[in-house]
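# Predicted model, plus sequence, below.
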Amino acid sequence: MRRQLIPTTVRLGDERGFTLIEILIAAVILVVGIGALLGLFINSGKGSETSSRQDTAAAVATQALESMRSYPYASLHLNGAVSSLPDGRLINPTTFQATTSSTDTLDSTTPPACTTGYTTACSPFAPISSGSIGATPYTLYRVISYDSQSCPLGTLSASTVSDLSSDLSALYGDVNGVEGLLGTLAGTGANSITAAVNHLLGLVGTLLDAGTLKNDLNTLSATVGSSATGLEGMLAPVYSSLQNLQSQGYLTTSGLTSTATSKLGNLNLCQLIDTTTNGVTQGLLPTLGGLTSVATGLGSSSSGAGVYASLSAAQTDATAAAGFTILTPSATVTATDTDVVNRNGSISASLGSSGALSPSALSGVQTSLGNLSNLLSCLASSTPTCVGASHLKRISVAVVLGGTRSNVGVRKAVWMSSVLGDPVDGLL
């Protein structure tokens, strides 16, 4: 019997292929992965271009800022009005949004005439200009404003205001006293030298040495008369300025009133005193510092060593001479005569040795007193015109690049600013 062989198949592995769904899923995963990588490369390129353009804008802004910083402070103005700014920072024709929390007043000063070394007419700085770096165009905006932020270190301290008040009080008292003495001695009243001389005329020949004393008193009269003519001429404007401060309610013989000290104590020295509107100069306080030397030169009392003391002693001598009678001891007359002779020298020395009483020094004090009056009057008004500008100029630049593709590069302006102080300021 023959055995029938049955063929068999040996499977070495699963030979089934991928289904269509599996292939589609794999394709989707591959596409998503490649898409993510592609987006990463694209964003990386955009970021690189943005960074490059940011650097370009910053370079343009830095160069423009440094160019303006190097210009003389007094001549640093734009040659036209600011009419537009990016990012809505031009609030109105006079106001600039300097920071997120503060606004500045735009500088509207007409540029000065050209000076040696600057050949561009007036100011070389236009509010808006354009240019390009390589293939990248840009628009440059310039702004010059007055920094309106407060500067705590730039206010007048209580001690400074107090010292000023004391100096004004001393000056007022001394000027008033000297003016009064000059008027008395040079006049014809009971305590004048003229009265003493006239009295002695009736005693000549009766009172021993009266003739000598009369001659010396006449010499003293000439000295006082000369002093009165020169000194009164110099002191009169100062005295008038002091009286003006008093009439305005800012000064008494005791010093500044509370109204004046309050105004000065709250004055922010970051704010410029407008010289064109109120005639107040930037050197107000240094010049007022000369009050002390003037007061010292005049002498604060009859016991001091100034002009006031010399004139006061001369008045004492004249009063004593006017009181002499035929019973006055000759020794007293001789002693008084010696005092009178010495008084001639002391008055001349007081006037001659005090540089504080020179016409230029007194003129400076008079100017400062007028400036102080103008400043206090302005500060007292409801809308002071002496405040608003600043000793601190803020220069700001903004750069807007052109030629950007959608969502690529810098899309907003790049801003830079710097605050400059007036190098000639000497307020404190």
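Yes, it's here.
# from here on, contacts and neighbour counts on C-alpha atoms
Will do.
# now the strands for the stretch 1-150 of the chain?
Ranges of strands in the stretch 1-150 of the chain, per DSSP state E, counting those that start in this stretch, are 90-92, 95-97, 103-106, 128-133, 136-146.
# now the spatially closest residue to residue 393 that is not a sequence neighbour: how far from residue 378?
For residue 393, ignoring the flanking residues on the chain, the nearest one in space by Cα to Cα, 6 or more residues apart in numbering is residue 146 at 4.7 Å. Distance from residue 146 to residue 378, counting by Cα to Cα, to the nearest Å: 19 Å.
# between those two, who's got more neighbours?
Neighbour count, other Cα atoms under 10 Å: between residue 146 and residue 378, residue 146 has more, with 26 against 19.
# what mean pLDDT would you report for the helix of greatest length in the chain?
Ranked by residue count, the top helix of the chain under DSSP state H comes out as helix 20-69. For helix 20-69, the mean pLDDT works out to 79.
# by contact count, what packs against that helix?
Helix 20-69 is packed against strand 392-401, strand 414-421, with contacts defined by 3 or more Cα pairs under 8 Å, 6 or more residues apart in numbering; DSSP states H and E.
# Just name the most buried of those.
For those, the largest average neighbour count (mean count of other Cα atoms under 10 Å) is found in strand 392-401, namely a mean of 24.
# which regions of the stretch 251-400 of the chain lie under the pLDDT threshold?
266-293, 299-305, 348, 350-359, 381-391 (pLDDT under 70).
# picking up where we left off before, can you redo the helices and strands packed on helix 20-69 as TSV with distance to residue 186?
Formatted as TSV, the helices and strands packed on helix 20-69 follow (distance: least, Cα to Cα, whole Å):
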stretch	distance to residue 186
strand 392-401	52
strand 414-421	52
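# Ok, which of those comes nearest residue 338?
Among the helices and strands packed on helix 20-69, the nearest to residue 338 by Cα to Cα is strand 414-421 (60.4 Å).
# In the sheet, which strands lie alongside that closest one, parallel or antiparallel?
strand 392-401 (antiparallel) (DSSP bridges).
# Would you mark the buried spots in the helix or strand containing residue 200?
Per DSSP states H and E: residue 200 is located in helix 193-201. The neighbour-count check on helix 193-201 (16 or more other Cα atoms under 10 Å) flags 193, 194, 195, 196, 197, 199, 200 as buried.
# Can you list the residue ranges for strands in the stretch 201-350 of the chain?
With DSSP E, counting those that start in this stretch as the criterion, the stretch 201-350 of the chain has strands spanning 251-252, 255-256.
# Measure how buried residue 102 is and give me the count.
For residue 102, using other Cα under 10 Å, the count is 11.
# tell me the phi and psi of it?
phi -140, psi 150 (degrees, to the nearest 10).
# Look up how far residue 91 lies from it.
Counting by Cα to Cα, the separation of residue 102 from residue 91 is 11 Å.
# Check residue 236 too.
Distance, residue 236 to residue 91, using Cα to Cα: 50 Å.
# Relative to residue 335, which of the helices and strands packed on helix 20-69 is closest?
So among these, strand 414-421 is nearest, using Cα to Cα, at 63.5 Å.
# OK, contacts around residue 129?
In this structure, residue 129 makes contact with 139, 140, 141, judged by Cα atoms under 8 Å, 6 or more residues apart in numbering.
# for the residues you listed, which one is nearest residue 220?
Nearest member of those to residue 220, counting by Cα to Cα, is residue 141, at 73.4 Å.
# can you pull out the helices in this structure?
20-69, 158-186, 193-201, 210-247, 258-265, 275-278, 284-288, 290-298, 307-322, 330-353, 359-380.
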